[in-house]
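**Q** Build the 3D model from these lines:
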Amino acid sequence: MNVEYGTLVAADAARCAELEAQLFEGDDPWPERAFLAEIAAKHNLYVAARADDKLVGYAGIARLGRVKPYEYEIHTVGVDPAYQGQGIGRGMLRHLIEYADGGTIFLEVRTDNEAAIALYESEGFTKMGIRKRYYRVSGADAYTMKREQR
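**A** Residues are numbered from 1 along each chain as shown. Below you'll find the model as predicted:
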């Protein structure tokens with residue numbers, strides 16, 4: 001399988017919302033309009049993963065603050081269930097890390113999402129704490145994770 005990484009564009013928003021509904025059912029998945037707003041935001045980068053011209057993954061990061069050294073926050077990483085376990089999430093995460101250019105990066109992840117936690121830890125993120133009931137609809141907790149400035 002040949003996976004190509006590039007920029008997520010407005011035309012991808014509907015497919016992202018479709019994947020969100022599958023991946024985060026019960027946790028307030030983002031609608032199409034949320035993706036459109038995120039893609040359009042000035043200090044965000046959203047990455048697309050495509051296999052055979054089909055969008056199979058998306059990931060986004062936001063730059064925080066106005067003065068260097070910047071900090072960053074990963075907003076979302078999602079991979080089509082049919083394509084999980086093939087390194088696509090890691091590929092997108094590495095694009096986000098590269099965009100952060102050595103800056104400190106934060107994220108939240110469900111405490112029961114062992115695959116994502118393992119991925120983040122393997123890329124240098126460490127757990128900082130827990131946000132109780134972070135996911136409003138399900139009431140699930142999230143770890144706050146951080147990758148130190150490099």
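**Q** what's around Tyr143, how many residues?
**A** 21 (other CB atoms under 10 Å). Bear in mind the C-beta positions are built from the backbone N, C-alpha and C, glycine included.
**Q** and the one helix or strand it maps to, what other elements does it pack with?
**A** Using DSSP states H and E, Tyr143 maps to strand 140-147. Applying 3 or more CB pairs under 8 Å, 6 or more residues apart in numbering; DSSP states H and E, one finds that strand 140-147 contacts strand 104-110, helix 114-122, strand 126-135.
**Q** avg pLDDT for it?
**A** For strand 140-147, the mean pLDDT works out to 96.
**Q** One more: stretch 120-130?
**A** Computed over stretch 120-130, the average pLDDT equals 97.
**Q** Could you list the alpha-carbon positions for it in PDB?
**A** Taking C-alpha atoms only, stretch 120-130 is exported to PDB below (Å, rounded to 0.1, in the frame of the first residue of the first chain):
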ATOM      1  CA  TYR A 120       2.700   8.900  21.700                       C
ATOM      2  CA  GLU A 121       5.200   7.500  24.300                       C
ATOM      3  CA  SER A 122       7.300   5.900  21.500                       C
ATOM      4  CA  GLU A 123       7.600   9.400  20.000                       C
ATOM      5  CA  GLY A 124       8.800  11.000  23.200                       C
ATOM      6  CA  PHE A 125       5.500  12.100  24.900                       C
ATOM      7  CA  THR A 126       5.100  11.600  28.600                       C
ATOM      8  CA  LYS A 127       2.000  11.600  30.800                       C
ATOM      9  CA  MET A 128       1.600  14.700  32.900                       C
ATOM     10  CA  GLY A 129      -1.800  14.100  34.600                       C
ATOM     11  CA  ILE A 130      -5.400  13.200  34.100                       C
END
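**Q** in that stretch, what counts as buried?
**A** Neighbour-count burial for stretch 120-130, with 16 or more other CB atoms under 10 Å as criterion, is recorded at 120, 125.
**Q** Need the residues that contact that stretch.
**A** With contacts defined as CB atoms under 8 Å, 6 or more residues apart in numbering, stretch 120-130 is touched by 90, 93-94, 97, 105, 107, 109, 111, 117, 141-148, 150.
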